[in-house]
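Asker: Coordinates for the following, if possible.
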Amino acid sequence: MAPWLGPQGGSESPGAGESRGGRYCRTMARASLETAPSLASKAGWPTGQVQRASGQRSGRTEGRRGTKHGPGPEPEEEEGGPAGLWAPWSPDLVVEVAHPQIIHDFGAQILSHADLLVGSPSALAHRDTEQRLLEASRRSGRSVFVARGALWGAEDIARLDAAGGLQSLRVTMATHPSGFRLEGSLGQGPRQGPPRAVLYEGPVRGLCPLAPRNSNTMAAAALAARSLGFDGVVGVLVSDLSLVDRHVIDVELSGPPGPSGQSFCLRTRRENPAEPGAVTGSATLTAFWSSLLACGSPHPSEAGLRLC
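Answerer: From the prediction side, this is the model:
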């Protein structure tokens, strides 16, 4: 059983009159419709029901513009707006796989209708967004699942932390610069640099707004290590010209010194094959599918965030 954690897109431009939220909603819907049948097929599930459900509704859905990395105003309560999405459906689970802006803008609203699987954990680095999700979960009794993605050993990190045995946690993600989707000050940097360069080293909370699509593994680690959180877990983003076809994630953790003065320590390395320029490695798809299946397993209805 995954641990319960208590309180604590593309580059296309929007068209005329279209908001950022509307563009990401449409991107999320398109990605879901295109991939759901193939994912079901990979898992050996019949695709007929997935395809029929995917085709029940079409058309563009627009939302209001939010801040770049924070929640915007409440969405419009009208047919064709975000609230109108629910009219033909009674979903058990809504899966976000588009961009953290979806969670910022619509996560709390989704929880009034269904459980939510957050595929962009970097959204939870925004304190207001995390708080709104927790409050909505308590009000509705719905669950907030958070996909671990490429994080190896999430349960072990959570258990060690719960036992008081975690003092430091550092997650390094390295890949070719073409695999980054950077924003803010990082996005303004030069495209070509030295063969290997550290782009960021510091608290995960500071990295997530700058690399929302490249920091999800680090965000999942911050959620697993509750005592450290987004401010205590260190994230390191590395550009490496030699890593054309893979993403490399190193996790380093240590505990407090024992009576002998020695400390428990652990280092893991995950090398995930990836297409050149891809944001996500090939093995992460399987990990995400396992997270999705975990959402459907029997579990108590509890408020809070559940890493799965």
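Asker: Show me where this protein has its helices.
Answerer: Applying DSSP state H to the chain gives helices spanning 20-42, 48-54, 100-110, 127-140, 154-162, 184-187, 204-207, 216-224, 229-232, 282-295.
Asker: hey, least reliable of these by pLDDT?
Answerer: Comparing mean pLDDT across the helices of the chain, the weakest is helix 48-54, with a mean of 36.
Asker: Please report phi then psi for the residue nearest to L160 when sequence neighbours are not counted.
Answerer: Distances taken as C-beta to C-beta, 6 or more residues apart in numbering place L166 nearest to L160, at 4.9 Å, with adjacent residues excluded. In short, each C-beta sits where N, CA and C put it, glycine included. For L166, the backbone dihedrals are phi -110, psi 120 (criterion: degrees, to the nearest 10).
Asker: and L166, how many neighbours?
Answerer: 24 (other C-beta atoms under 10 Å).
Asker: Verify the stated contact: it with A222.
Answerer: No: the criterion here is C-beta atoms under 8 Å, and L166 misses it with A222 at 11.9 Å.
Asker: domains for this structure, by residue range?
Answerer: The chain resolves into domains spanning 4-149+286-307, 154-279 when parsed by automatic domain parsing.
Asker: what do L166 and A222 both touch?
Answerer: Common neighbours of L166 and A222, using C-beta atoms under 8 Å, 6 or more residues apart in numbering, are L228.
Asker: Look up how far G281 lies from V236.
Answerer: When C-beta to C-beta, to the nearest Å is the yardstick, V236 and G281 sit 18 Å from each other.
Asker: quick one, which of these two is more surrounded?
Answerer: Using other C-beta under 10 Å, the more surrounded residue of V236 and G281 is G281, with 23 against 19.
Asker: A147: what's it in contact with?
Answerer: Per C-beta under 8 Å, 6+ apart, neighbours of A147: 117-119, 121, 216, 220, 287-288, 291-292, 308.
Asker: Now do the residue nearest to S254 when sequence neighbours are not counted: how many residues are near it, please.
Answerer: The shortest distance from S254 to any residue other than its chain neighbours is 4.3 Å, reached at C265 (C-beta to C-beta, 6+ apart). Close neighbours of C265, defined as other C-beta under 10 Å, add up to 11.
Asker: wait, isn't C265 in contact with V251?
Answerer: No: counting by C-beta under 8 Å, V251 is not a contact partner of C265; they are 11.2 Å apart.
Asker: hang on, the earlier thing: can you add neighbour count and give the contacts of A147 back as TSV?
Answerer: Converted to TSV, these look like this (neighbours: other C-beta atoms under 10 Å):
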residue	neighbour count
L117	23
V118	32
G119	23
P121	28
N216	29
A220	26
A287	18
F288	20
S291	21
L292	19
C308	22
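Asker: which of these lies closest to L186?
Answerer: Nearest to L186 out of these is N216 (C-beta to C-beta; 15.6 Å).
Asker: What is the burial count for the closest residue to T175 other than its chain neighbours?
Answerer: Spatial nearest neighbour of T175, excluding adjacent residues (C-beta to C-beta, 6+ apart): H247 at 4.5 Å. Residues contacting H247 under the criterion other C-beta under 10 Å number 25.
Asker: Quick check, pLDDT for S13.
Answerer: 34.
Asker: Can we start the residue count at 35 from this point?
Answerer: Got it, first residue is 35 now, which makes that one S47.
Asker: Which residues are in contact with the residue nearest to L194?
Answerer: 191, 194, 259, 261-262, 287-289.
Asker: Contacts for stretch 307-326, please.
Answerer: Contacts for stretch 307-326 (C-beta under 8 Å, 6+ apart): 73, 76-77, 129, 131, 151, 153, 179, 181-184, 209-210, 212-213, 215, 247-248, 278-281, 306, 342.
Asker: Just the buried ones among those, please.
Answerer: 73, 129, 131, 151, 153, 179, 181-184, 209-210, 213, 247-248, 280-281, 306, 342 (16 or more other C-beta atoms under 10 Å).
Asker: Next, check those residues against the strands and list the overlap.
Answerer: 129, 151, 179, 209, 280-281, 306 (DSSP state E).
Asker: so which of the residues you listed comes closest to W123?
Answerer: V129 (13.2 Å).
Asker: per-residue confidence at the closest residue to the closest one other than its chain neighbours?
Answerer: Leaving aside its chain neighbours, V129 sits nearest to L151 (4.6 Å; criterion: C-beta to C-beta, 6+ apart). With respect to pLDDT, L151 scores 95.
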